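Engineer: Here is a sequence with its predicted model. Questions after.
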Amino acid sequence: MPERIQTDQDRLKVPDHPIIPFIEGDGIGVDITPAMIKVVNAAVEHTYGKKRKIEWKEILAGEKAHRQTGEYLPEASLETLREHVVGIKGPLTTPVGGGIRSLNVTIRQVLDLYSCVRPVRWYGSASPLKHPEKLDVVIFRENTEDVYAGVEYESSSAEAKKIISLLLDLGVGTDKISADAAVGIKPISPGRTKRHVRKALRWALEKDRKTVTLMHKGNIMKFTEGAFMRWGYQVAEEPEFKGKLNVNDRIADNMFQQLLTRTDEYDMIVAPNLNGDYISDAAAGGVGGLGMAPGANIGDHLAVFEATHGTAPKYAGRDQVNPSSLILSAAMLLEYLGWPEAAKTIHRSLETTLSRRTGTYDLVRGWRNEGESNLTELKCSEFAEALMENMQ
Ligand code: NAP
């Protein structure tokens, strides 16, 4: 009988037939989501036989929700995610410079999914790095504060003028702020920083990661990013963590070059929102791009796993794109359920499939650009079939 996942204090109670809600996603969601479901079902059956099985439950969000209900993010969908604790989603469209607010950001904020987790490792795609196998890092990006909180006011608006006038009263000189400036606010608090760092350090201990690097621009933004670093070190001194991990810090610009030049020294990176946003995609570029990079947004219990790329509208419905990001996100979900063996089945099968130089157009393009031949280009659905065949 399919059952809901329950929470018991700090632990998840996962039945053998858990109900997992999923959002298909806009654009290429129609291609990658069915591929992901097939591969995950096959991996679970391959690993556990009939003992375990996921019961998938579709919930509406994005354009499909708007067509069927008139709303982009129905409250019922959020409630289903809350009730079922763990879910997965395809990408959702966000119009640039107007229209609806980002549904992705809204889901993270409404459900208080305060840490975005992005593991980056190499499975065999083409890479701009000489030694992509050295890149194996988990990035923890704070999800609820920083400039992403969305507190910003347009140039010359009444709100912006009011804030500028307050700043002038506080002694900020006109050399630093023009009267017609747009204004954005960068809130970073001890409470939200510490819960995020705690989650990251717990993750490090559980997954046997030894080194955790706090990434910040605290030399310039002393009271926001500098404080992020200080509060991070304070968490590392708590009895739960003290002496168990090597916690260090890097200034953000240096972090970018160090990840390229001293790649294998980085195990986990913990960052405020904007730094985390940039470094996640830059790191993903080293292992084949966003099509190969999984992600999850995790709160105290609730977790929503998601593809890290967008809706790639020009490929929508063409059965062409790479489903790996969503499939690897589902593998993270399996680990989160406490089913790591099934996640390993997926990882191994992806490595085998790529080692045979079979892949979707983006993977084949990458290998071809590196001068390789004997490549087999597969459609999205064929790639999913190949992953299922290559499960050992
Ligand atoms: P995008 O959808 O990620 O696509 C940009 C390019 O990345 C594609 O043209 C394609 O490049 C490549 N790509 C993306 N996904 C791929 C996949 N699965 N397989 C192979 N290649 C893939 O970014 P965008 O065009 O900037 O954004 C489109 C929409 O998505 C926007 O509305 C944006 O707001 C939204 N978005 C949503 C999320 C989310 O839901 N979490 C995240 C980011 C963006 P080539 O054409 O070069 O092959």
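Structural biologist: The structure has been received and is ready for your questions.
Engineer: Identify all contacting residues around whichever strand or helix holds Trp367.
Structural biologist: For Trp367, the element it lies in under DSSP states H and E is helix 361-369. By Cβ atoms under 8 Å, 6 or more residues apart in numbering, the surrounding residues in contact with helix 361-369 are 125-127, 288-289, 291, 320-322, 354, 357, 359, 375-377. For glycine as for every other residue, the C-beta is placed from the backbone atoms N, C-alpha and C.
Engineer: If we use 6 Å, what do you get?
Structural biologist: For helix 361-369, contacts defined as Cβ atoms under 6 Å, 6 or more residues apart in numbering pick out 125-126, 291, 320, 322, 375, 377.
Engineer: and the two most separated of these?
Structural biologist: Ala126 and Gln320 (17.7 Å; Cβ to Cβ).
Engineer: ok, whichever residue of the stretch 151-300 of the chain sits closest to the ligand - contacts?
Structural biologist: Relative to the ligand, the nearest point of the stretch 151-300 of the chain is Gly291 (3.6 Å; Cβ to the nearest ligand atom). For Gly291, the contacting residues are 322, 324-325, 362, by Cβ under 6 Å, 6+ apart.
Engineer: Output the residues you listed as CSV; include the columns neighbour count, pLDDT and distance to Tyr315.
Structural biologist: Output for these, formatted as CSV (neighbours: other Cβ atoms under 10 Å; pLDDT from 0 to 100; distance: Cβ to Cβ, whole Å):
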residue, neighbour count, pLDDT, distance to Tyr315
Asn322, 29, 96, 10
Ser324, 36, 97, 14
Ser325, 26, 96, 13
Asp362, 21, 94, 10
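Engineer: Pull the most distant pair out of those residues.
Structural biologist: Ser325 and Asp362 (10.8 Å).
Engineer: Can you tell me which of the contacts of helix 361-369 end up in strands?
Structural biologist: Mapping those onto strands (DSSP state E) picks out Glu377.
Engineer: which among the contacts of helix 361-369 end up buried?
Structural biologist: Among those, those that count as buried by neighbour count (16 or more other Cβ atoms under 10 Å) are 125-126, 291, 320, 322, 377.
Engineer: And those residues, which is the shakiest by pLDDT?
Structural biologist: Ranked by pLDDT, these bottom out at Gly291, which has 86.
Engineer: what's the closest non-adjacent residue to that residue?
Structural biologist: Using Cβ to Cβ, 6 or more residues apart in numbering and skipping residues adjacent in sequence, the residue nearest Gly291 is Asn322, 3.8 Å away.
Engineer: right, and that neighbour touches Leu354 too?
Structural biologist: No. Using Cβ atoms under 6 Å, Asn322 is not in contact with Leu354; the gap is 10.7 Å.
Engineer: Around the ligand, which positions in the stretch 201-350 of the chain sit nearby?
Structural biologist: Residues of the stretch 201-350 of the chain lying close to the ligand (Cβ under 6 Å from any ligand atom) are 290-291, 306, 309-312, 321-322, 325.
Engineer: let's see 8 Å
Structural biologist: Selection of the stretch 201-350 of the chain residues close to the ligand by Cβ under 8 Å from any ligand atom yields 289-291, 295, 306-315, 320-326.
Engineer: Drop anything exposed from those residues.
Structural biologist: For these, buried by 16+ other Cβ under 10 Å: 289-291, 295, 306-312, 315, 320-326.
Engineer: quick one, strands of the stretch 201-350 of the chain?
Structural biologist: 211-216, 246-251, 268-271, 294-298, 303-307 (DSSP state E, counting those that start in this stretch).
Engineer: same for the longest helix belonging to the chain, what does it pack against?
Structural biologist: Looking across the chain with DSSP state H, the single longest helix is helix 29-48. In terms of contacts (3 or more Cβ pairs under 6 Å, 6 or more residues apart in numbering; DSSP states H and E), helix 29-48 is packed against helix 324-337, helix 340-355, helix 380-389.
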